[in-house]
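Undergrad: Here is a sequence together with a model predicted from it:
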Amino acid sequence: MSTSHDAWHALENMFTSSSHARVMQILMQLATFQKKDMNIFNYFRKIKHFADTLSAIGKPLEDEELIAYLLRGLRSEYDALVTSITTRADSYTVSDIYAHMFSFEMHLEQNNTKVQISANNVNKSFGRGGGRNSRGCRCGRDGGHATGTRGGYSSQGGHNNSGGHIDV
């Protein structure tokens, strides 16, 4: 380079091409990033880091773009949340989306805990006398007997459908 102008021009070209490559790399990461087993806090933080990096390079994302990336990486159990957000007429802020995602995750965890507790209770009842009776019916601890029935069958010999036994 013979002049300082030429040197600055060469540096600008090198920086521009590396910046363009970095922008493309970050956009590709955003497009393919998945929540998987991360909690919402860490997932949001990672996506937000990509967006902040783009902003520092001079290519900030619009809120709608960032929200689209956030929703795209969620697992199928978040489909109800994604549908409710994407079908709403008015727009959300990124903070609103984070709050909704966090609340939805807490709801999912609460429901999963209830399911686990219920499954543990079923397993415990089968371990204390539940299981199959002599007729092959999987019944609770009372053997499937209901008031006015014998072994889950009515006195006329037919099967009692009034709750005499429960298949689990």
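TA: Thanks, I have it.
Undergrad: Buried residues, stretch 94-107. List them.
TA: V94, I97, Y98, M101, F104, E105 (16 or more other Cβ atoms under 10 Å). C-beta coordinates here come from the backbone N, C-alpha and C atoms, glycine included.
Undergrad: The last one touches N42, doesn't it?
TA: To tie it back to what came earlier, the one meant is E105. No - contact criterion Cβ atoms under 8 Å: E105 and N42 do not qualify, at 11.1 Å.
Undergrad: Same list as before, the buried residues of stretch 94-107 that is, but in TSV and with secondary structure included.
TA: As requested, those are arranged in TSV below (DSSP: H, G, I helix; E, B strand; the rest coil):
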residue	secondary structure
V94	helix
I97	helix
Y98	helix
M101	helix
F104	helix
E105	helix
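Undergrad: and which of the residues you listed is nearest L74?
TA: M101 (7.7 Å; Cβ to Cβ).
Undergrad: which residues touch the closest one?
TA: By Cβ atoms under 8 Å, 6 or more residues apart in numbering, the contact list for M101 reads I40, F44, L70, L74, Y78, L81.
Undergrad: Give me the neighbour count for S19.
TA: 13 (other Cβ atoms under 10 Å).
Undergrad: nope, Y69 is what I meant
TA: 19.
Undergrad: for it, what are its contacts?
TA: L30, A31, F33, I47, F50, A51, L61.
Undergrad: where exactly do the strands run in the chain?
TA: 131-132, 138-139 (DSSP state E).
Undergrad: so where's this protein shaky on pLDDT?
TA: Low-confidence segments of the chain (pLDDT under 70): 9, 11-18, 114-168.
Undergrad: Let's see which of the contacts of M101 end up in helices.
TA: In helices, defined here by DSSP state H, the members of the contacts of M101 are I40, F44, L70, L81.
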